[in-house]
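J.: When you get a sec, could you give me coordinates for this:
(chains A and B)
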Amino acid sequence: MGIRVNPDVYTIILDGLQTNKQQQDQVLQQIASGQKLNSPSDDPAAVASLVGLRMQSSSDSQYLQNIASLTGSLNVAGSALSSVVEALTTAQTLGVEGANGTVNSQNRQALAQQIQGIQQEILGLANTSYNGQYLFAGTATTTQPYVADASSASGVTYHGNDSTNSVEISQGQAMPINLPGSQLFSNAATNVFKSLQDLYNALTTNGDVASATTEVQNALNYVSTQQTFYGNSVDLLNNAQTFLTQQQTQLTENESSTLDADMATVVTNLSQAKATQQALLDAGGNISQLDLFDYLPTT
Amino acid sequence: MSSLFGTMSVALQSLLVQQGALEVVANNLANVNTPGYSREVPILEESPPILSGNTMVGTGVTLQSVQSVRDNVLNLRIDQETSRQSSLNSYLGAMNQVQALFNETQGTGLQTDLSNFFNSFESLATDPTSSSLRQATLIAGQDLAGAFSQTSQNLATIQQGLNQSVVQTVQQVNQLTAQVANLNQQIQEVSNSRDDPGALDDQRDQALQSLSNLIDTAVIYSNDGTVSVTTTNGTLLVSGNQSDALTTQINSATGMNDVYAQGTDITSGIAGGQLQGLISARDDSVPSTQSSLDNLAASLISAVNQQQKDGFDLTGSQGADFFTPPTPSASGSNAGAAATMTVALTNPDQVAASSDGTQGDNRNATAMADLQNASIVSGQTAGEYYSNLIDQVGNNVSNATSEQEAVGLVLQQLTNQQSSISGVSLDEEAANLITHQQAYEAAARVINVVDELTSATIDMFTPS
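T.: As a prediction, this is how the structure comes out:
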């Protein structure tokens, strides 16, 4: 006598169908979500890595936002400085004119008036604000940096500080976003306000206009060189923006390859599972319904 | 010398025996779809021969007993695997709920809130006096704290649910062990009367299998037909007609119900069944996830608060605690840090963005944002630590799932094997039916012949 076999073949078919159903469920879930991973247990390490990818991608979005909001203030500061340079150029031209021996004192008074106008203009420019923040006050952005002060040799006093703020524009890359007025307009060596005040005084008092003009010239040269800071900063921002955009694309690609289902594979898996299911059902239907009882006489 | 009446009695006996055998066939056929039914076979034996003159003459057949066909060793293996499977099922039931709390594939979890929190400071750095940006950091902080505390409370709810299941499962264990003890007694009584207690055996097998679904069991079959049941670690559950009920008792340290047998805490010794899965999730995996969450929350709170203290708020005062510092239940313990996490600051001006007291200074806001990349918890960044937590939870589930699949296959095979030994085959029963029917007909024929012979003998003396 041979080995007795399990007389209940349907349990085997049922087990098969159940496993098959599970496979199909999984595939359908992948199709529905478009993702091959739908819970941490599908691939713990990969899902864990999503956290890193998304945190970095989220940081990059923030850096890009920072860049967008910084570009505005840097451009405003940059153009304010350009205006200062222009105004100083005018002042320097006026100084050269005033230094000319043929100019009479009445004309000098007129020139002095113009210089005073320029002083006012530059004072306004040095107090430029953006979004309610003074751009040249160091980090004391809520304090108006320059206030006219007749008792001061330069005609103004500085109420800002010497600090600069930096903002991160990509991971680990912080960029200074402002230059304090104390560095730009009124440092110990070159003082824009003092040079203009000196020129004004020289013109009104018939003093040494030529050397005062040289002073203005020096201030002009100095501010011109400082001006490049803002141009460079905007360039830096643009570079960072390009880098971040590329990095984000890369991160999105990584995230997608970690998470997203390859539809071709998924659909193939589904057809395979369906074929298996069909085979199991066919087998179940084809299992002989006959047993010995069918052959017993039915008298 | 044999006699016609002797032959008659042999044939009559045969009629009865074949009838009994047909009854067995009928019973098998009736139970062909009964779960847990083991097919029965009639054990026929020839009656002791008698000496008739110089020859031994057979005296027919007797139905010695009806035996159910079962393999107790196989049944034990099935019980063991069933035990493992239900342990994994109940464990996975709970841990699937846990991993749903950290399902970053569907955007559920802490990552978004963590990122938003740090980003809000990065944003504040671009305009440190902006009240809307300051407000945004408070809101991001509240969202983060809310996410931590919600997740922690969900974990606690899952743990409570598990605890209730433990208590219920213990009650079910007690019901089943009482049932087995009761069946033991009945089987012993039937065995004494030398009948086959097949039906009772089947019931007990079913009860034992249900029991092994709930707790790991070791079953010892005794000669008197009873079984003793212990856990695999030797805690006595059933002996003869006595069952020892398990009890539960609240552990004041954990607030969870421990399982006791005769005054001994056997909670950690339970090695299988639904109970083990529940306990393993309740006492191990869920608390370990909870404690990771607490560590992360406590480290974040402490790092952020420290950074606040290093800076100055909009009024120029030293920064106050951003998050309410947790009150540790014991020194060095972070328990409850996640559940109770809340933002302490009420006014956006209190956010310490400045590192020197100047309103427009942003260095402390930047430093706060940089905490995202600082190793603040167990030598890892918050993101890395959280990734590991997900990895851990995911692995708990995926390992148990693979094991569950493997056990499922083993169990399929064993059940198949059991069915091939104990299952009712219609072909076999049909063949038995014919065999016994024919034997019955043959015996009836013998009676007929004996009747004719007897008549002939009687007729010999009848004058015609």
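J.: So which residues of the chain form strands?
T.: I went with chain A, as the question did not name one. When assigned using DSSP state E, the strands of chain A occupy the ranges A:129-130, A:133-134, A:146-148, A:156-158, A:166-170, A:173-176.
J.: right idea, wrong chain: chain B
T.: Counting by DSSP E, the strands of chain B are B:40-46, B:50-52, B:55-57, B:61-68, B:218-221, B:227-230, B:236-239, B:242-243, B:246-250, B:257-261, B:264-265.
J.: same for the third one, what does it pack against?
T.: Helices and strands in packing contact with strand B:55-57 are listed as strand B:50-52; criterion 3 or more Cβ pairs under 8 Å, 6 or more residues apart in numbering or on different chains; DSSP states H and E. From N, CA and C alone the C-beta is placed, and that goes for glycine too.
J.: Same list (the strands of chain B) but as a markdown table, adding mean neighbour count and mean pLDDT.
T.: As requested, the strands of chain B are arranged in a markdown table below (neighbours: other Cβ atoms under 10 Å in any protein chain shown; pLDDT from 0 to 100):
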| stretch | mean neighbour count | mean pLDDT |
| --- | --- | --- |
| strand B:40-46 | 16 | 91 |
| strand B:50-52 | 11 | 83 |
| strand B:55-57 | 12 | 84 |
| strand B:61-68 | 16 | 87 |
| strand B:218-221 | 16 | 90 |
| strand B:227-230 | 21 | 94 |
| strand B:236-239 | 21 | 95 |
| strand B:242-243 | 18 | 94 |
| strand B:246-250 | 16 | 96 |
| strand B:257-261 | 20 | 96 |
| strand B:264-265 | 11 | 94 |
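J.: Ok, which of those strands comes nearest residue B:335?
T.: Checking those against residue B:335 by Cβ to Cβ gives strand B:246-250 as the closest, at 17.9 Å.
J.: coming back round to it: nearest to chain B, out of the strands of chain A?
T.: Minimum separation from chain B across the strands of chain A (Cβ to the nearest Cβ) falls at strand A:166-170, 5.2 Å.
J.: Buried residues in that closest one, which are they?
T.: Buried residues in strand A:166-170, defined by neighbour count with 16 or more other Cβ atoms under 10 Å in any protein chain shown: A:167, A:168, A:169, A:170.
J.: In this structure the third one contacts residue A:175, no?
T.: Yes: Residue A:169 is within contact range of residue A:175, at 5.2 Å (criterion: Cβ atoms under 8 Å).
J.: quick one on the thing from earlier: for the strands of chain A, could you give me JSON lines that also reports mean pLDDT?
T.: Formatted as JSON lines, the strands of chain A follow (pLDDT from 0 to 100):
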{"stretch": "strand A:129-130", "mean pLDDT": "92"}
{"stretch": "strand A:133-134", "mean pLDDT": "92"}
{"stretch": "strand A:146-148", "mean pLDDT": "95"}
{"stretch": "strand A:156-158", "mean pLDDT": "94"}
{"stretch": "strand A:166-170", "mean pLDDT": "90"}
{"stretch": "strand A:173-176", "mean pLDDT": "89"}
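J.: Export those strands to JSON lines and append columns for distance to residue B:93.
T.: Formatted as JSON lines, those follow (distance: least, Cβ to Cβ, whole Å):
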{"stretch": "strand A:129-130", "distance to residue B:93": "58"}
{"stretch": "strand A:133-134", "distance to residue B:93": "57"}
{"stretch": "strand A:146-148", "distance to residue B:93": "71"}
{"stretch": "strand A:156-158", "distance to residue B:93": "70"}
{"stretch": "strand A:166-170", "distance to residue B:93": "45"}
{"stretch": "strand A:173-176", "distance to residue B:93": "48"}
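J.: follow-up on the earlier one: what do residue A:169 and residue A:175 both touch?
T.: Counting by Cβ atoms under 8 Å, 6 or more residues apart in numbering or on different chains, the shared contacts of residue A:169 and residue A:175 are A:236, A:237, A:240.
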